[in-house]
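Visitor: A predicted structure for the sequence below; I have some questions about it.
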Amino acid sequence: MRKLIFDFAYWFTRPRWDTRITPPEVVAFVEGHRPPGRALDLGCGTGTNVIYLAQHGWQAVGVDFVGKAIATARRRARAAGVAAQFIQGDVTRLDSLQPPFDYTLDIGCFHGLGPEQRLAYTAGLSRLLRSGGSYMLFARKPEAGYDGITIEETLAVFGGSFISQKVEHGTGRMPAAWYWFERK
């Protein structure tokens, strides 16, 4: 059912979450943190952040389960003149991807997964992200009235393979948080 909702949103609307703007948190990381490497965007949608990363020298890969979003991302990357890879797939089944990645990003995908899916996602991410690699997650909190995950749940899920570096509470209309992790 969830996939049908997202398919519908990408086919018949411009989804509200598809702002086509790279968040300032990602810009700050990319422009001030470290030299480019391999990057992975989980739940990449129409590719805004993958394209941004590729424009800044990263070998960028995006994964999303909505075919229309992936097709749009590929078209947008071509129009931007960047080489980026887009894969239509399930973020809980990342076996086709080869490690290592230096940076992984998720803006709004993880919080919509169920408990078992979150464990599979985390296992795949742990396999793909190199030791010392950075992972940034933006997730809604349950108070949002939608899918969400508490800060405590998030830190517990990632605690086995990741070191929490920072959590910033969102200031927008929807309760959310940014999480910065480092792969152990």
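Guide: Great, that's in hand.

Visitor: So which elements touch the helix or strand hosting residue 178?
Guide: Assigned by DSSP states H and E, residue 178 falls within strand 176-183. Judged by 3 or more C-beta pairs under 8 Å, 6 or more residues apart in numbering; DSSP states H and E, strand 176-183 is in contact with strand 129-140, helix 151-158, strand 162-169. In short, each C-beta sits where N, CA and C put it, glycine included.

Visitor: got the residue ranges for the helices in this protein?
Guide: For the chain, applying DSSP state H gives helices covering 2-12, 24-32, 48-55, 67-80, 115-128, 151-158.

Visitor: Just the C-alpha atoms of the third one, please, in CSV.
Guide: I take that to be helix 48-55. Extracted C-alpha coordinates of helix 48-55, given in CSV (Å, rounded to 0.1, in the frame of the first residue of the first chain):
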residue,chain,number,x,y,z
THR,A,48,18.2,16.5,-6.0
ASN,A,49,20.9,15.5,-3.5
VAL,A,50,22.6,12.9,-5.7
ILE,A,51,23.0,15.5,-8.5
TYR,A,52,24.3,18.1,-5.9
LEU,A,53,26.9,15.6,-4.7
ALA,A,54,27.9,14.7,-8.2
GLN,A,55,28.3,18.4,-9.0
